[in-house]
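> kindly generate the corresponding structure for this input.
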Amino acid sequence: MQYEQWGPQDLSAPAQRTLRKVEARGGLVVEEVQTGWVGAVVRLEKSGGMHIVELADRRNKVRAFPLGFGFLLEGEPIELIAPVLSAPKTTMRTASGSVKVADVRAKVAKASRIWVEGKHDAELVEKVWGDDLRVEGIVVEPLRGIDDLTAAVADFSPGPTRRLGILVDHLVPGSKETRIVANLMNTPGMSKNVLVVGHPYVDVWQAIKPGTLGIPAWPVVPRSMEWKLGILKAFGWPHTTAEDIGLGWQRLLSRVNSYSDLEPSLLGRVEEVIDFLTAPVS
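Numbering: from 1, shown residues only. Predicted coordinates:
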């Protein structure tokens, strides 16, 4: 790929035009952009802090998707929203989509933790799910990589009231990360108190939807170049130092305002971890 075709990006400008909001009422037929799935709305539910819409195709097969952006109605990009009910106008929602609870102090941190691979992962989770996690008393901690994951978990000593939810980058078949996780989870008794989930992206940066940044897709970086540096170079941003990477990430993170700015493959995994850590102890 010729990086020049991307050109310098002004991410302080609006990423896209405002899309029409359409209520997801029963029978409405829409297309989910990423998968091409076309179906009629048959059910809405809320899982964790995220709204889910179920779409049934013409063969009555049903698939579920996060409500929000990424849908077409008769070829028009729209934002699919929950039907407006007669509810108090003062109701507010957190960035994760859950109802914001007023006048509630953050709980004292529980022993359970969410571990993520690095600082950027932690900052992204905090920005979208921070309000929910403070209410639950769950702390997010960066690992600085997972090469020594088994030893780190052993030091943590997980148990029924001391659970671990771990979010791993690039958890795909054949990857180094997959082998490390498999070795960890083969430890006897581990599955009851530790949950490891992952997304398919090389780095959590890619979990931000391209449309949120005003680009058609994330640039493809040659294997010979460090991925983050390649991304910054493709955007025409400074890309030679660790400080450049940090500043570039802050520019990207500033475009994320809610769960609708992130890919479903990350949303579902974080919600899964939160549900695991907040489930009653059996």
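
> what is the lengthiest helix in the chain packed up against?
Ordering each helix of the chain by length in residues (DSSP state H) puts helix 119-136 first. Under the contact criterion of 3 or more CB pairs under 8 Å, 6 or more residues apart in numbering; DSSP states H and E, helix 119-136 touches strand 113-116, strand 139-142, helix 242-253, helix 264-278. All C-beta atoms are positioned from the backbone trio N, CA, C, and that covers glycine.

> can you pull the buried residues of the first one?
Of the residues in strand 113-116, those with enough neighbours to count as buried (16 or more other CB atoms under 10 Å) are 113-116.

> output the contacting helices and strands for that strand.
On a contact count with 3+ CB pairs under 8 Å, 6+ apart, strand 113-116 meets helix 119-136, strand 139-142, strand 164-168, helix 264-278.

> do that again at 6 Å, thanks
strand 139-142, strand 164-168 (3 or more CB pairs under 6 Å, 6 or more residues apart in numbering; DSSP states H and E).

> if we can go back for a sec, can you add mean pLDDT and give the helices and strands packed on helix 119-136 back as a markdown table?
Compiled in a markdown table, the helices and strands packed on helix 119-136 are given as follows (pLDDT from 0 to 100):
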| stretch | mean pLDDT |
| --- | --- |
| strand 113-116 | 94 |
| strand 139-142 | 92 |
| helix 242-253 | 93 |
| helix 264-278 | 91 |
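
> winner for burial among the ones you listed?
Mean neighbours per residue, mean count of other CB atoms under 10 Å, is largest over the helices and strands packed on helix 119-136 for strand 113-116, with a mean of 23.

> and the helices and strands packed on helix 119-136 as CSV, adding distance to Val53?
Below are the helices and strands packed on helix 119-136 laid out as CSV (distance: least, CB to CB, whole Å):
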stretch, distance to Val53
strand 113-116, 26
strand 139-142, 28
helix 242-253, 27
helix 264-278, 11
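
> Pro77: which of these is closest?
Proximity to Pro77 (CB to CB) singles out helix 264-278 among those, at 16.2 Å.

> quick check: Leu72 touching Leu28?
No. Applying CB atoms under 6 Å as the test, Leu72 and Leu28 come out as separate, 11.9 Å apart.

> tell me which of the two has more neighbours.
The residue with more neighbours, out of Leu72 and Leu28, is Leu28; 18 against 15, by other CB atoms under 10 Å.

> for the nearest residue to the more buried one once chain neighbours are set aside, give its distance to Glu76.
For Leu28, ignoring the flanking residues on the chain, the nearest one in space by CB to CB, 6 or more residues apart in numbering is Val41 at 4.7 Å. As for Val41, its distance to Glu76 is 16 Å (criterion: CB to CB, to the nearest Å).
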